[in-house]
Structure formats: C-alpha cells, structure tokens
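S.K.: Task: produce atomic coordinates for the following.
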Amino acid sequence: MATKNGQSKSTQVDAIEMKAQIKSMPRWLRPSLGKASDISTVQKIIKQRQLHTICEEGRCPNRGECYAQNTATFLLMGPTCTRSCAFCQVDKGHAPMPLDPEEPQKVAEAVELLNLEYVVLTSVARDDLPDGGAGWFVATMAAIKKRNPLTKVEVLTADFWGGQDVVRGEGLSGSLAERQRARIKVVVDAHPACYNHNIETVRRLQGPVRRGAKYERSLDVLRIVKELNPSIPTKSGLMLGHGETEAEVVEAMTDLRGVGCDRLTIGQYMRPSLAHLPVEKYWTPEEFEQFGAIAREMGFFHVRSGPLVRSSYHAGEDN
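M.R.: Alright, predicted model coming up:
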C-alpha cells in the first residue's frame, strides 16, 4: 500500500527502524562530516569525470575527513560488483557496466588536479572480464605514473579468482590457482607501492559475510604477492562486528602474518541498510587498541586499529 508521499508502508517502517539503529550506535561511531566546501571540491572533480570512489559507493564514515585532506580511493571498472558480499554497500545484483576506455586517463587527471602524492586504486569484483580486471589496474597505474611520476600508487584488488580463461588476450591452461597467480603477477609486475587484499572477517564467518570469496584463497593472494616480489609491502583488513570472538580475530592475524602480510587495518562493521547483515557487536575503542597492540607484537609493521578505520584510511602515511 502506498502512502501520500508515494512510499510504501514497509519502506517507511524500514527507514524508521534504520534510523533507530543509527541512533543506538555508540558515540565513538559518529564521525565528523567535514566542511561542505572541502567535500565539494573532491566531489566536483570526481563527478565531472564520471569517476567513482569507494568513499561514496561504500558510504565510508571517513569520507568527510579524507575529502578535506584532498584524498580519495578510486573505484575502478564501474560501481557494480559481480559478487554479493552481505556486508558491502556497493551496488550488485545486475550486469556491470562496460569499461570506460578513458577511465585510466580520467583518474590520472583527477590525481593531478588533487595534487595527490599517494593514491589508492581499488575496484569492484569483475568476474565477467577476461582477466578479472588485472590489466585495468595496470593501465590506470601507468596513466597515473605518466602524468604524475612522483605519485605512489597502492592497489586494493579482488582475489582474481573469477573471470574467463584469458590474461591480456592470451589463452591460459592449467588450474584456477595458476590463472589466479598469473593475474596477480600482472599487477605485481607494475610495482605498486603496496598490495592490499582484505580477508574482511574471521575464518568461521567467511561464508555468510563474503559470498563468493574464500578465506584460504584470500590468504593465497597475499602469499603469492610475496613470492613474486618480497619487496612489495602487503596489507589486509578485518571488519569486526559479525559475531567473531577475540580468539578468532587473533587467529586471523596469525594467519595473515603466516603469509608474510606486513600491514593491517581493523575497523568496526556498520550496517549500511536493513538488507545487509546486522551488527552483532560494537567493539570498544579500548578493545581495538588491544588488538592493535597484539598485531604489533606479532610483527605487523604498520597497524591501524579503531572503530572508524577502513582499508585506505591514512594509507599514504604508512610509506
């Protein structure tokens, strides 16, 4: 049944329930929105070029702060993901857009206009593409380097497990694991300043949280990067609040160190909508500090652990 303003009663009920959940969030999860003028500068540059950022598509709680510092994490290959992770705000559930052949150059131009010394490139999962998008990362990195030779580029990639049996137009034989390794090598050979791939949650919760992804497969990404080029720093992230235990978080950190992961981010999951997984627990800032201390003792040489921390938060400060 529609109401006078055109919304269904169920939609209105959902909106009321979501507002109630937001109000019930702990005070430490309410970030500063930043100045409207600072935010609009970045948004204008991005929107004029029809680019996308994970800051907007993922509703990052730090986007006001980052925009005020003229930083953004570019989301390559369109805003639609071919997977359906239950925690993620990014659009999914229908066919992704064709690649924009001018996107690498547009990103390079935006980097120049924003005067960025450090850039993070991420993407939606594109299992529909021949190489899963590995070559697109390389093309964008090359465009940035050509226009901004001093800018460092960090990549945050999917696991490159999906896609067709082609890398750079050449047929590949062998197992899916061999094809994954070949795609990762394409990106590693472009020498990113850091290679990031998130495991997102603990081993037990991978199924309900990361549909289409596997815990061991993600560990393999980080292991392969180190095997191909040990000098490239690797990074991963955990999003707490799905029902994990302290012991499970420590186990996940141990597994990451076991494949040579150098950097770690730990943050709080915040439910984007009622269609996403509910928050099982809000971990306190003190608990995040404890996890950070444990991670440093394990040997991670850059650790960001806090309720509002996300994968790319202050990434440039770690280099």
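S.K.: Give me the below-cutoff pLDDT ranges for the stretch 1-150 of the chain.
M.R.: 1-23, 31-39, 54-71, 82, 84-95 (pLDDT under 70).
S.K.: Helices of that one, residue ranges please.
M.R.: Taking DSSP state H, counting those that start in this stretch to define them, one finds helices in the stretch 1-150 of the chain at 9-23, 36-48, 54-57, 63-68, 103-113, 134-147.
S.K.: Show the contacting residues for E251.
M.R.: E251 is in contact with V202, R203, counting by C-beta atoms under 8 Å, 6 or more residues apart in numbering. (C-beta placed from N, C-alpha, C; glycine too.)
S.K.: would you say it is within a strand?
M.R.: No: read with DSSP: H, G, I helix; E, B strand; the rest coil, E251 is helix and lies in no strand.
S.K.: What separation do you get for it and Y313?
M.R.: 24 Å (C-beta to C-beta, to the nearest Å).
S.K.: K152 now?
M.R.: Distance from K152 to Y313, counting by C-beta to C-beta: 16 Å.
S.K.: now T201
M.R.: In terms of C-beta to C-beta, T201 sits 18 Å off from Y313.
S.K.: which parts of stretch 292-303 are buried?
M.R.: Neighbour counts over stretch 292-303 (16 or more other C-beta atoms under 10 Å) mark G292, I294, A295, M298, F300, H302, V303 as buried.
S.K.: how about the strands in this structure?
M.R.: In the chain, the strands defined using DSSP state E lie at 73-76, 80-81, 91-92, 118-123, 152-156, 166-167, 170-171, 194-196, 234-240, 263-268, 302-305.
S.K.: From the contact counts, what lies against the fourth one?
M.R.: The one in question is strand 118-123. Other elements packing on strand 118-123 under the criterion 3 or more C-beta pairs under 8 Å, 6 or more residues apart in numbering; DSSP states H and E are strand 73-76, helix 134-147, strand 152-156.
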